[in-house]
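K.L.:
I'd like to go over a predicted model; first the sequence, then the structure.
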Amino acid sequence: MQWHIYLLIIAVLGVVFFAAALIALFWSAKRGHLTNFELQSKSIFDDDEPEGEHTDFFPGEKSKARQKITNR
Amino acid sequence: MKNLPLLFLGIFFCIAFSWTGLILSSQIQFGSLEPIAIEEGERPHPRKPVGLADQGKQVYIGNGCMYCHSQQTRRKGFGADFDRGWGERQTVPRDYILQKRVLLGTMRTGPDLMNVGQRLSSRDWHHLHLYDPQITSEGSVMPPFGFLYRTQEIGDAPSDHALRFPPNYEGAPESGYEVVPSARAEALVDYLLSLKINYELPESKFASDD
Amino acid sequence: MSPLASFFGAIRPGGDRPKVQLTQIDESMRSPCVFFIMAALSWLVAGTVFALLASFTLHAPDYFPNWEWLTFGRVRSAHLNAVAYGWSNNAVFAVGLWLMARLCRTEVRHGGLLLVAGLFWNVGLFCGILGILNGNMTSVEWLEMPSSVAPLLVASYALIGVWGILSFRYRATDHVYVSQWYILAALFWFPWLYVVAQVMILWMPARGTVQSITNWWFAHNVLGLWYTPMGLAAAYYFIPKVLGRPIHSYYLSVIGFWSLALFYNWAGVHHLIGGPIPVWLISAGIVASVMMVIPVIVTAVNHHMTVVGQFKAVWMSPTLRFIVFGAMSYTLASLIGSAMALREVNVVTHFTHFTVGHAHHGAYAFFTMTMFGSIYFMMPRLLNREWPSAFLIRVHFWAAALGITLMLLALHVGGWIQGLEMNNPDIPFLDTVKNTVPWLISRSLAGCLLAIGHLAFFINFFWMLWGGETVEELEGPTLFNEQVEG
């Protein structure tokens, strides 16, 4: 008899959890969190470190590297 | 995914879910197991570890023995645990309920020790092995535990506890000296000898001979 | 409005807080970050020394003096705690908090808090490791330090965690970047894991193997819910940042994040397959471990598509050499890990050096290499100086990459053979041990290579701190502009 009860509790909790997750998903979709992904992915760039600029090289080797990268 | 409270709720849910499912459920399922007698009138098993053996466990813990030796016997057919004499039955949760620190271990650089008290029941063997594993097990990678032993001058008569080295052992003490175990070594060997799966449980019985 | 309500209510940041220049942020993070990296590197060196001692003693047990403090069980545990809570955690604090500051775009407040916390953390750790060597270890995996240091570690962590969350709360950006989710999640998960494990195993021990289940829920989740998210946060930031290209599919990142959060939590039980715990738990752990393939592949695809066509640029960047190595290792290590959870594979690999190899695959080839790359990017911006030596960077990269590859090969192959032999009762156990020795020797050699790499890194770092050429301050990410080189 014991494990039946526990299984029921676990099943109910599982359903509750799943439902909560679904609700959260729809809530965020409605609130506009899940749109505009491209903009969010570009948020790491700005005027100082613009998109399209390579920003890391071996010390002293920037121009050499730049050359190698652009000459495919 | 910008909402801090919602993010936290989701993150919290994930960890609460696994804690409930793995740990709380285990506690409910077998956390209140008690020792049990296999037959009416028999002693309940497992038995509480006491005395010097329990002190020896502290030596085992403090020196990290667990990091090379496991203490669990897997079921017959899942690995060669039975064939290697590491136990005649699978160890189950009830075997560990009276242990204050459970030392299941996850490495078998050395053999499993759950049943070592039965498999290697000689005190002398264990002392020699701990003092210098090469004596009993040549080629072993186990580190020597000489610091658990003392080299002392022989008094009126050699001590009963002195280690009996094989003839021609290179590391033997010079004449007039003997090697005796410290209290820690004696406790450790007591602990090792106490590790025996010499009892059955309703959920785990000895394998019948094939 | 009560502070609690206003805390949760401020979900509409943005307009009213001024966005701060990146250089200002970098400068304000300088002291805490440099402190954490100094601590991290010191622990890396200490951890490497312990590792070499442990590795050598395992195949040459008689060549070492019989010193109690350096017996394998203790020195191996000192190694683990030094590289985990010493190197890795300090690196996480430096990199994770720096990323959080940058991504939140606000003036960094109360940096002094971080320094105090960092000090407490490292003092506690020092005492803990001394305790291990002294014979007071707990023999609980990943919690070997005597439990008396735990309160100090928890208190210092609380300061750090609070700081991270406050930065997020006061952020100036409207968008939350994927790295921030991972960092927030990790900052939140770690204290729960640590405190629950301390309480349920050491302070008020649970009964029997409930301890073991708690142990592996904790230890595996430290890897998957603390180190992995931090490593992924770094990869998700630096790969696009260095290449100048946004992440390929942000949508995939969302899926990757939540599937990791859900599945990783349950996978820890795979350390106990065949062990004295209920079989349904083991099966659940195996299922979760296999489901981990989802977030892993999602992340791999995302990273790969971001990098594709730009491999030359990756090679030209010290940061990305390390980070892309790390990201690829993450994929491989995780896939191998999922395979190891299957019973048919586990019966061979459990209890062998294969597991040790796998651990180093994740902790070193993925996590540590990613942290190396992150530090290479951060330091010039924090100090406004160049790394003094490109040669040392190259030495570091090659020594680390070759070293870890050699180590992984040795341990995986040797461990697999060991497992097969252990399962063959006709082979005496001592023979299985002797057959691992050549592989253990290879591991020691690999360790020497890693040590060389670490030394190169250490030298380059402290040279930069103490004698590196200062570069004129400019606005923006300055370091690699033509006019200020040299």
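P.N.:
Done, it's in.

K.L.:
Provide a list of residue ranges in chain B with pLDDT below threshold.
P.N.:
B:1, B:208-210 (pLDDT under 70).

K.L.:
Give me the nearest residue to C:Ala390, chain neighbours excluded.
P.N.:
A:Phe58 (4.3 Å; CB to CB, 6 or more residues apart in numbering or on different chains). (Glycine included, C-beta is placed from N, CA and C.)

K.L.:
Could you pull up the residues touching that neighbour?
P.N.:
By CB atoms under 8 Å, 6 or more residues apart in numbering or on different chains, the contact list for A:Phe58 reads A:Ala65, C:Met316, C:Ser317, C:Pro318, C:Ala390, C:Ile393, C:Arg394.

K.L.:
Find me whatever residue is spatially closest to B:Gly146, sequence neighbours aside.
P.N.:
In space, B:Gly146 is closest to C:Asn66, 4.1 Å off (CB to CB, 6+ apart).

K.L.:
quick one: pLDDT of the one you found?
P.N.:
For C:Asn66, the model assigns a pLDDT of 83.

K.L.:
quick one, what contacts C:Thr349?
P.N.:
C:Thr349 neighbours (CB under 8 Å, 6+ apart): C:Met340, C:Thr355, C:His358, C:Gly415, C:Trp416, C:Gly419.

K.L.:
and the residues you listed as TSV, adding distance to B:Arg150 and secondary structure?
P.N.:
Formatted as TSV, the contacts of C:Thr349 follow (distance: CB to CB, whole Å; DSSP: H, G, I helix; E, B strand; the rest coil):
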residue	distance to B:Arg150	secondary structure
C:Met340	44	helix
C:Thr355	37	helix
C:His358	41	helix
C:Gly415	38	helix
C:Trp416	42	helix
C:Gly419	39	helix
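
K.L.:
Tell me the one among those nearest to chain A.
P.N.:
C:Met340 (27.1 Å; CB to the nearest CB).

K.L.:
Read off the pLDDT value for the nearest residue to the closest one once chain neighbours are set aside.
P.N.:
Of all residues beyond its chain neighbours, the one nearest C:Met340 is C:Thr349 (5.4 Å), with distances taken as CB to CB, 6+ apart. We have a pLDDT of 96 for C:Thr349.

K.L.:
Could you tell me how far C:Thr349 is located from C:Met29?
P.N.:
Between C:Thr349 and C:Met29 the computed distance is 42 Å (CB to CB, to the nearest Å).

K.L.:
And for A:Arg31?
P.N.:
32 Å.

K.L.:
Equivalent analysis for C:Trp416, please.
P.N.:
45 Å.

K.L.:
Looking only at neighbour counts, state which of those two leads.
P.N.:
C:Met29 (23 against 18; other CB atoms under 10 Å in any protein chain shown).

K.L.:
residues in contact with that one?
P.N.:
So C:Met29 contacts C:Leu97, C:Trp98, C:Ala101, C:Val108, C:Gly111, C:Leu382 (CB under 8 Å, 6+ apart).

K.L.:
And the residue nearest to C:Ala390, how far from C:Gln310?
P.N.:
16 Å.

K.L.:
now C:Tyr85
P.N.:
Taken as CB to CB, the span from C:Tyr85 to C:Gln310 is 36 Å.
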